[in-house]
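Student: Pasting a predicted model and its sequence here:
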Amino acid sequence: MNKRLGLASVLMVVVTPLSGGCAGKTLREENMTVAPITEYDARVTVKPLETPAPESAKQVVKPKPTPQLGLEGSKKKPKEKSLKAVDNSGKRLPEMEDSEGFSGRRPIVDPIRAGEKVTMVVSYFGVAAGEVTLEVRPFVEVNGRKAYHFHSDVKTSSLFNAFYKVDDQVDGYMDFEQLVPVSFTLSVNESKQLREVRQFFDWKTRKADFWERKVTKEDGTEEKKKGWDLIPFSQDVYSAVHYIRFFQLRDGKTYSYPVSDDFKAWEVKATVIRRETIKTELGPMKAILIQPQVAREGVFKPMGEVNFWYSDDERKFPLRFEAKIKIGKLVGVIKALERGGP
């Protein structure tokens with residue numbers, strides 16, 4: 001089971017100080033850098049979403065056709081199993097996923113708005129270890145297709161900075177129409193290491209490509225590249241945090257969806273345990289408690305005793321998480337919320 005799966009994957013770095021090590025600046029503050037990953041840059045183009053020209057414009061420019069992602073089905077190979085949004089019976093694909101509240105792959109009511117931002121305080125043994133922000137930035141185009149832009153920052157608190165400083169950033173891009181990840185980037189800026197990670201999900205070839213470049217004082221620069229086969233319509237470990245929000249989250253119901261990461265494939269089952277009111281710095285908030293499990297080789301297991309709470313409304317903001325680790329437990333609770341959107 002991949003320990004990075006789910007929201008806890010983004011948050012685990014705040015307990016890095018427990019591994020020991022010297023205090024002080026991050027390596028980037030000491031003027032150390034990581035060279036760009038040019039192979040990724042040559043394959044992935046991210047730019048602001050183009051806005052339509054006003055109707056009063058004198059010259060009408062014909063819009064460029066949207067490039068195919070690779071999950072729309074193939075007209076040239078009718079015998080090939082279709083990977084369009086719905087099968088012949090009209091059921092949403094993949095078959096394991098719930099169809100309520102969707103029209104094909106798109107949700108009837110989109111819970112995610114550009115401009116939303118959730119800030120959580122992460123505690124370890126009751127001590128504030130750091131903060132995590134989960135942000136939805138304005139739509140972008142990734143290789144010519146409209147995409148959500150999810151951004152997260154992970155920073156240790158001033159107390160933990162004395163032992164080990166963390167200032168990391170994550171960016172994930174999800175295709176707007178098909179709701180699958182298309183790119184993922186991770187920038188690690190810590191006391192002991194600099195690391196750049198890039199992933200590209202090529203749905204036309206059903207391949208995920210992964211690049212990593214790491215710099216440490218002890219070992220200098222290390223590089224890694226690998227790839228693996230993608231399961232159709234699967235999420236990555238970061239997009240899965242937001243993807244669960246598209247479902248209706250009915251009491252007692254279990255929602256399944258596939259995840260592909262690091263040569264591995266899972267079926268995630270997220271069960272709605274109950275609805276309850278939780279205490280936060282913003283006051284009492286109505287919440288939905290979700291408990292995930294992952295299945296490999298047909299056997300389902302709890303995801304490391306991790307629980308998530310999302311807001312009990314149509315937006316389903318992340319409000320709280322609890323994750324048992326090797327020693328103790330991490331607890332994250334919302335402290336600030338910007339709702340974004342209209």
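Tutor: Received, thanks.
Student: who does Thr119 bridge with?
Tutor: Thr133, Ala336 (DSSP bridges).
Student: Oops, could you answer that again for Asp167 instead?
Tutor: Here Asp167, judged by DSSP bridges, has bridge partners Lys155.
Student: in the stretch 151-300 of the chain, what spans have low per-residue confidence?
Tutor: 295-300 (pLDDT under 70).
Student: hmm, 50 instead?
Tutor: Counting by pLDDT under 50, the stretch 151-300 of the chain contains low-confidence residues at 298-300.
Student: Tell me who's in contact with the closest residue to Thr271 other than its chain neighbours.
Tutor: Leaving out its chain neighbours, the residue that sits closest to Thr271 by C-beta to C-beta, 6 or more residues apart in numbering is Thr254, at 4.5 Å. To be clear about C-beta, it is placed using only N, CA and C from the backbone, and glycine gets the same treatment. Applying C-beta atoms under 8 Å, 6 or more residues apart in numbering, we find Thr254 in contact with 269-272.
Student: PyMOL command to pick out the buried ones of those?
Tutor: Selection of the buried residues among those in PyMOL, burial being defined by 16 or more other C-beta atoms under 10 Å:
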select buried, resi 269+270+272
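Student: Out of the contacts of Thr254, which is nearest to Ala85?
Tutor: Ala270 (21.4 Å; C-beta to C-beta).
Student: Now do the same contact list for the closest one.
Tutor: 244, 254-256, 290-293.
Student: Please list only the buried members of those residues.
Tutor: Using 16+ other C-beta under 10 Å, the buried members of the contacts of Ala270 are 244, 255-256, 290-293.
Student: among these, which are in strands?
Tutor: 255-256, 290-293 (DSSP state E).
Student: In the stretch 151-300 of the chain, what residue spans correspond to helices?
Tutor: Ranges of helices within the stretch 151-300 of the chain are 158-161, 239-243, based on DSSP state H, counting those that start in this stretch.
Student: buried residues in the first one?
Tutor: Within helix 158-161, the residues that qualify as buried are 160-161, counting by 16+ other C-beta under 10 Å.
Student: Need the CA coordinates for that helix. PDB is fine.
Tutor: The C-alpha trace of helix 158-161 is given here as PDB (Å, rounded to 0.1, in the frame of the first residue of the first chain):
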ATOM      1  CA  SER A 158       8.500  28.400  13.600                       C
ATOM      2  CA  LEU A 159       8.900  25.900  16.500                       C
ATOM      3  CA  PHE A 160       9.600  23.000  14.200                       C
ATOM      4  CA  ASN A 161      11.800  25.200  11.900                       C
END
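Student: Please report how far Tyr164 lies from Lys155.
Tutor: 12 Å (C-beta to C-beta, to the nearest Å).
Student: try Arg145
Tutor: Applying C-beta to C-beta to Arg145 and Lys155 gives a distance of 32 Å.
Student: State the distance from the most centrally placed residue in the chain to Phe160.
Tutor: Taking C-alpha atoms, centre = their mean, the centroid of the chain lies closest to Tyr238, which sits 2.2 Å from it. Look at Tyr238 and Phe160: by C-beta to C-beta, they are 23 Å apart.
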